[in-house]
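Colleague: What follows is a predicted structure for the sequence shown.
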Amino acid sequence: MTEPLLSVRGLRIAFPTPAGGQAPVVDGVSFDVLPGEIVGIVGESGSGKSLTARAALQLLPPRAAVSGEIGFEGRDVLALSPRDIRALRGTGIAMVFQDPMTSFNPVLRVGEQIGEALDIHRAPPKQAREARVRELLSLVGIPEPERRARAYPHEYSGGMRQRALTAMAMANAPRLLIADEPTTALDVTVQDQILRLMRGLNEASGTAILLITHNIAVVASLCRRVIVMYAGRVVEDGPVEQVLTAPSHPYTQALLQSVPRIDQPAGRLTAIAGQPPDPASPPPGCRFQPRCTQAMGRCTAEEPPLDAVAPGHRARCWLALGQAA
Amino acid sequence: MSLTLPRPALWRLPSLPASTVIGIALVAFVVLGTLLAPLIAPANPLALSTDILAPPDAAHPLGTDDLGRDLFSRVLYGGRVSLGIGLFSALIGVTVGVGIGLAAGFFGGAIDEALMRMTEVFQVLPKLLVAVVVVSLLGSSLLNEILVIGLLSWTATARIIRTRVMVLREEEFIAAAAMSGASRTRILLRHILPNVAPYLMASTTLQIAGAIMSESFLSFLGLGDPTYPSWGFLLQQGQLYIDSAWWLTTFPGLALAMTIVGFNLMGDGLGQSRAIGGARR
């Protein structure tokens, strides 16, 4: 079995509450990303998926209390010194942010900002740097890279900015690219282009991708494995085909049912009743039980473990584990 | 096929309110006058003559002082001193203010607390009184005046910059730069500083006005550098003859008022102008 590239173990991220306590917004999250793999993390807003990703780069606000382990190529990222984490950012793990509109410094030319990512780690001579910037821009499909490199971010469209941002993230050939909702702020047609771009980068350079999204369709089209998060916990993970066609956890089932389908008559959208729990006071037992249509006695008494329901497919549900009684 | 993007027209004057235009015109008038003093001035400002306390006439457009020196020439050259002190002390004030504002806004926490408490101490100091005391103790020289005025006038800039930096710090492009592995110094100098620059135009302009006023106050009290007579110094000299030679106080006073009003109008205009980016967001 191959060594995982990224290995998250028992990650817990808590924020101080106004009352003086600690609210764990990510609680006991564990998963692996193998080299060259595309893994999706899905979950609704507030499920902790973005925080999990940012923790891998130590990009959390200082008031966040982080524990657990994030191993990257055998090193514990959370224990790295500021100097070492800076060396890792961009070269080992890079990130593409959600909003391409605000991810560029408005007063610097796009080429300079991509070039800066190169300067930070290698400081190449000017000509080599410019050549590499052009190469990166054409890699992400930006036409006329030479002229485009001299343009300012406001001269780019949303889709182009997302491409340029991806180029910036790919500048130092990272082994893992974390894409945090890379398509959320874009038009549907542009979304598709960005997803193709991500797949192309994965195939061409072998960069593993951790894709964070709330869009199941995106996961279905791009990822090999998927991790479903709910209220700071992993509730299900496994191969995409299995999780999407035969979901084990009622939350995953409900998520899939709430996706509008083109092959069925339009009716009311199916929504999941209720609200995600307050991280400061999670419900007893399974975190999803207050909203679960199949909840039973054991669900409120005891939280189920994340356990195998099929080879390589795990779920955190008594029912799916066949231990409902 | 190649698309052509409209290039931002830097040379095209943004449309500015009338008051700002008047301010810019006043400042330009005064600055040109002092810069071109050697060409315009009818006489050496230090040359004595027997024509003492002469009222304005063709030979001496603004009259002469008690030693027979041409007042027009003295006002032109005095402007160099006043504007120079104004400019350099404003630069000191802005530099210190930017440094403190950047550090407080970017690092936050205890550093922010300490710097802001220090800023408050400086804000409540009676600036002119402190300036008078310090210049009296250290002696009147151009350098002392510039340093004292500059080091007493950075608080407003520091607070403006701090607030702006706190907003910028949370921007996604800062996280994007950090994601690429940029150090804090690099983020501060390359990503935050250029984004606060537009705010500095207005505050620098306003500080020049304030500094010129402070300098004239010091000179009026006789604390100016006597080897470099500024407008405040001319006012002080002229007040002895205020009832017999009105021109000795009127013209330097007018020059001073024009300059200060000019810089203030210009500063206010720049501060509000979208065209220049002063009030962006």
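Modeller: Cool, got the structure.
Colleague: Averaged pLDDT, the helix or strand where B:Val261 lies. What do you get?
Modeller: Assessed by DSSP states H and E, B:Val261 sits inside helix B:247-272. The pLDDT scores in helix B:247-272 average 91.
Colleague: cool, and stretch A:225-234?
Modeller: Stretch A:225-234 shows a mean pLDDT of 92.
Colleague: would you put the C-alpha positions of that stretch in CSV?
Modeller: Provided in CSV are the C-alpha atoms of stretch A:225-234 (Å, rounded to 0.1, in the frame of the first residue of the first chain):
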residue,chain,number,x,y,z
ARG,A,225,-12.9,9.3,-3.2
VAL,A,226,-15.2,11.5,-1.1
ILE,A,227,-15.4,12.4,2.5
VAL,A,228,-18.7,13.6,3.9
MET,A,229,-18.5,16.0,6.9
TYR,A,230,-21.3,17.0,9.2
ALA,A,231,-21.0,19.2,12.2
GLY,A,232,-17.2,18.9,12.5
ARG,A,233,-17.2,15.1,12.0
VAL,A,234,-16.5,12.8,9.2
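Colleague: Might you calculate how far that stretch sits from the centre of the chain?
Modeller: Using CA atoms, centre = their mean, to the nearest Å, the mean C-alpha position of stretch A:225-234 is found 11 Å from that of the whole chain.
Colleague: quick revisit: helices or strands up against the helix holding B:Val261?
Modeller: helix B:18-35, helix B:71-107, helix B:193-220, helix B:231-238 (3 or more CB pairs under 8 Å, 6 or more residues apart in numbering or on different chains; DSSP states H and E). In this view, the C-beta of every residue, glycine as well, is placed from N, C-alpha and C.
Colleague: so the third one versus helix B:231-238, what angle?
Modeller: Read it as helix B:193-220. 10 degrees (axes from the mean of the first three to the mean of the last three CA atoms, to 10 degrees).
Colleague: what does the longest one give?
Modeller: With the same axes, to 10 degrees as the criterion, the two stretches helix B:71-107 and helix B:231-238 enclose an angle of 140 degrees.
Colleague: other SSEs contacting helix B:71-107?
Modeller: Short answer (3+ CB pairs under 8 Å, 6+ apart): helix B:71-107 packs on helix B:18-35, helix B:37-40, helix B:109-124, helix B:142-151, helix B:155-169, helix B:193-220, helix B:231-238, helix B:247-272.
Colleague: Go through those and pick out the most buried.
Modeller: helix B:231-238 (a mean of 25; mean count of other CB atoms under 10 Å in any protein chain shown).
Colleague: Contacts for that one next, please.
Modeller: The contact list for helix B:231-238, computed with CB atoms under 8 Å, 6 or more residues apart in numbering or on different chains, reads B:65-66, B:71, B:74-75, B:78-79, B:81-82, B:215-222, B:224, B:226, B:229, B:245, B:248-249, B:252-253, B:255-256.
Colleague: quick one, that helix and helix B:247-272 angle?
Modeller: Using the same axes, to 10 degrees: helix B:231-238 against helix B:247-272 is 160 degrees.
Colleague: ok now helix B:231-238, how far from the chain's centre?
Modeller: Using CA atoms, centre = their mean, the offset of helix B:231-238 from its chain centre is 20 Å.
Colleague: mean confidence score for it?
Modeller: On average, the pLDDT along helix B:231-238 is 92.
Colleague: Compute the distance between the closest residue in space to B:Phe72 that isn't next to it in sequence and A:Ser47, please.
Modeller: Excluding the flanking residues, the one nearest B:Phe72 by CB to CB, 6 or more residues apart in numbering or on different chains is B:Leu62, at 4.2 Å. Counting by CB to CB, to the nearest Å, the separation of B:Leu62 from A:Ser47 is 77 Å.
Colleague: One more: B:Gly210?
Modeller: For B:Gly210, the distance to A:Ser47 (CB to CB) stands at 53 Å.
Colleague: so where is the chain shaky, pLDDT-wise?
Modeller: Went with chain A since none was named. In the predicted model, chain A carries pLDDT under 70 at residues A:1, A:266-267, A:324-325.
Colleague: Sorry, I should have been clearer: chain B.
Modeller: In chain B, residues with pLDDT under 70: B:1-14, B:273-281.
Colleague: List the buried residues in the helix or strand that A:Asn202 is a member of.
Modeller: Using DSSP H and E, A:Asn202 sits in helix A:188-205. Residues A:190-191, A:193-195, A:197-198, A:201-202 are the ones in helix A:188-205 that count as buried (16 or more other CB atoms under 10 Å in any protein chain shown).
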